Each structure stands twice: as C-alpha cells, then as structure tokens.
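>>> predicted model follows, preceded by the sequence.
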Amino acid sequence: MGGMLKLAILGFLRDHPLHGYDLKSRIAALTGHVKPIADGTLYPAIKRLENAALLTRRSAPGKIAAPRHMLELTQDGIDFLRRLLRDPDELFITDENRWFTLLAFLRHLENPREQAIVLRRRLAFLSDPVSYFYDAHGRPMAADEFEDPFRQGLLTITNAANRAEFRWLHTTIGELDRH
C-alpha cells in the first residue's frame with residue numbers, strides 16, 4: 001500500500017491542508033475497503049514525506065483544546081504529485097484499487113492532454129482479453145461457460161464494470177482531446 005498511501009496523502013493535501021486525523025479519515029473512506037490505515041503506517045509515511053520536503057507541518061488552533069498540526073504540500077510536493085500522476089507505475093494502471101486511487105486525484109494533473117495519456121494506458125490495459133479463469137489450453141473463460149453461479153457472478157459483475165469503464169474512458173478521452 002506504500003505507493004497508494006503516498007499518492008492518497010499527497011492528493012488529499014493538494015485539495016487543501018488537513019490535520020492527521022482528517023487525512024486518515026479521508027484515506028480510509030477512499031481505500032479502507034482494501035486495507036484500513038493504521039496510525040503506525042500513516043504517521044511514519046507523513047514523516048517521510050515531511051523529511052523529503054514534500055509537505056510541511058504547522059500548528060493551528062484546535063476546535064476544543066490543544067493546537068493541531070496542519071499538514072500542507074510544499075511546491076516540491078505539488079510537483080512530485082504531478083510526476084506520480086503523469087507517469088504512474090504500471091500497477092496503478094492494472095490494479096483496480098490503485099487505479100481508483102489514481103483516478104481520485106488525476107484532476108490535479110491539470111493538463112488535459114496528459115490526463116488523456118493516462119486514461120489511454122488504462123483503456124489499452126482493459127482492451128486485452130483477460131479472465132480470472134482459463135481452460136486447459138490457456139483460453140480465457142466466459143461467465144456462460146460455468147455452471148457455478150458464483151464464478152458466473154464474478155465474471156458477470158466484472159464484465160459489466162469493464163463495459164461501463166470503457167464507455168466512460170472513451171467519453172472522457174474524447175472530451176479531453178477537444179480541449
């Protein structure tokens with residue numbers, strides 16, 4: 001989750017400064033279904049990003065008592081986020097959970113041409129026929145080839161989601177190309 005966590009931290013802080021608890025809540029809402037984020041994972045990651053001068057910490061009055069540490073991106077942090085978005089690792093294109101994290105912050109790339117390039121990478125990945133199950137000859141199997149309702153369901157749901165994503169990708173790439 002290291003790459004996803006780094007991208008989520010930088011992406012949410014690009015939206016606006018946050019304190020650690022708010023940041024943790026937002027990351028959990030985005031990625032918590034994959035793996036809940038523990039304090040022992042989040043705060044060392046924040047410290048590493050701070051040590052790399054990608055974010056700063058400043059004190060702000062608390063709502064009730066003690067001051068809170070607000071986290072904010074530096075210009076280097078903004079530039080680093082843009083690099084992550086512009087040229088994501090292949091796993092961010094092929095892994096659905098990483099893809100959704102990337103997609104959540106792709107608007108921060110700001111250049112429609114560069115956004116379209118990332119979307120085209122995802123489209124190319126989805127264009128290759130794949131399955132979770134293959135026959136003895138290595139051919140991908142379709143939902144209707146199974147009597148097992150659970151495998152049918154898995155493939156039916158995945159295929160419906162892929163069709164919806166294809167439509168969205170084509171529409172969005174077309175809109176970005178017009179800019």
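Cool, the structure landed.
>>> hmm, who's touching stretch 87-94?
3, 7, 98-99, 101-102, 118, 121-122, 125 (CB atoms under 8 Å, 6 or more residues apart in numbering). Backbone N, C-alpha and C define where each C-beta goes, glycine included.
>>> buried residues, it. List them.
Residues 88, 92-93 are the ones in stretch 87-94 that count as buried (16 or more other CB atoms under 10 Å).
>>> can you put those in CSV and add distance to Ala45, pLDDT and secondary structure?
Formatted as CSV, those follow (distance: CB to CB, whole Å; pLDDT from 0 to 100; DSSP: H, G, I helix; E, B strand; the rest coil):
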residue, distance to Ala45, pLDDT, secondary structure
Pro88, 18, 96, coil
Phe92, 17, 95, helix
Ile93, 22, 95, helix
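>>> dump those to TSV, plus distance to His170.
As requested, the buried residues of stretch 87-94 are exported to TSV (distance: CB to CB, whole Å):
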residue	distance to His170
Pro88	20
Phe92	20
Ile93	17
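>>> one step back: taking the contacts of stretch 87-94, tell me the two that lie furthest apart.
Leu7 and Phe125 (18.0 Å; CB to CB).
>>> list the buried residues in the longest helix along the chain.
Longest helix in the chain by number of residues (criterion: DSSP state H): helix 149-178. For helix 149-178, burial by neighbour count (16+ other CB under 10 Å) applies to 151, 154-155, 165, 169, 172-173, 176.
>>> could you give the mean pLDDT of that helix?
What helix 149-178 shows for mean pLDDT is 94.
>>> mind giving me the packing neighbours of it?
Contact analysis of helix 149-178 by 3 or more CB pairs under 8 Å, 6 or more residues apart in numbering; DSSP states H and E lists helix 112-127 as its packing neighbours.
>>> what lies in contact with the helix it packs on?
85-86, 88, 93-94, 99, 102, 106-107, 109, 162, 165-166, 169-170, 172-173, 176-177, 179.
>>> can you give me the strands in this protein?
For the chain, the strands defined by DSSP state E occupy 18-19, 55-60, 68-73.
>>> which of the ones you listed is buried the deepest?
By mean neighbour count, with neighbours taken as mean count of other CB atoms under 10 Å, strand 68-73 ranks first of the strands of the chain at a mean of 18.
>>> re earlier: closest to Pro67 among the contacts of stretch 87-94?
Nearest to Pro67 among the contacts of stretch 87-94, with distances taken as CB to CB, is Leu7, at 28.2 Å.
>>> what is the burial count for the closest one?
By other CB atoms under 10 Å, 22 other residues sit near Leu7.
>>> check contacts around it.
Residues near Leu7 by CB under 8 Å, 6+ apart: 81, 84, 92, 101-102, 105.
>>> same check on Tyr132?
Tyr132 makes contact with 151, 154-155, 158, according to CB under 8 Å, 6+ apart.
>>> alright, calling it a day.
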